[in-house]
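K.L.:
what's the 3D shape of this:
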Amino acid sequence: RMETDCNPMELPNNAGFEEDSDYRDFEGTDVKDMRLEAEAVVNDVLFAVGNMFVSKILPCAEDVAYINVETRERNRYCLELTEAGLRVVAYDFDQTDDRLQTPYHETVYSLLDSLSPAYREVFGNALLQRLEALKKDSQS
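P.N.:
As a prediction, the model looks like this:
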């Protein structure tokens, strides 16, 4: 389960929110925007996939964002990112298919690991190189 930075009970009572106001723009709150979370996910694993970016077509909100990913095998997916985790919601960019009942993954790593053998190989090699570099640093 992903952590949030904001406990709604900690917000001041006199904040004067209107029902339809946009909490993200209210200074002094730490409400996490899922778009920022999605950007962080993309930046973390972009090196190991063919292409990956936050959807500009599907709506992002405080509680949901959509990420398009193309694996190195050239398979395209649209991922939904929520507090529950990440899951595939369509087999193409900028789409959602309500009939798809795919499982949630806690991390982008486990999701991509299940979708793309090439991702697994590239990510594993990058990890090995980091470990080798750490080993060299500790020996010098």
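
K.L.:
Which residue ranges of the chain form strands?
P.N.:
51-54, 65-70, 76-82, 85-90 (DSSP state E).

K.L.:
Okay, now the sheet partners of the third one, with direction.
P.N.:
If you go by DSSP bridges, strand 76-82 pairs up with strand 65-70 (antiparallel), strand 85-90 (antiparallel).

K.L.:
which of the residues in that strand are buried?
P.N.:
Residues 76-81 are the ones in strand 76-82 that count as buried (16 or more other CB atoms under 10 Å). C-beta here means a position set from N, CA and C on the backbone, and glycine is covered the same way.

K.L.:
From Ser138, how far off is Tyr77?
P.N.:
When distance is defined by CB to CB, to the nearest Å, Tyr77 is 39 Å away from Ser138.

K.L.:
Of the buried residues of strand 76-82, which is the nearest to Val89?
P.N.:
Val89 lies nearest to Glu80 out of the buried residues of strand 76-82, by CB to CB, at 4.5 Å.

K.L.:
before we move on, the earlier item: need the strands of the chain in CSV with distance to Leu36, can you?
P.N.:
Output for the strands of the chain, formatted as CSV (distance: least, CB to CB, whole Å):
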stretch, distance to Leu36
strand 51-54, 10
strand 65-70, 9
strand 76-82, 11
strand 85-90, 15
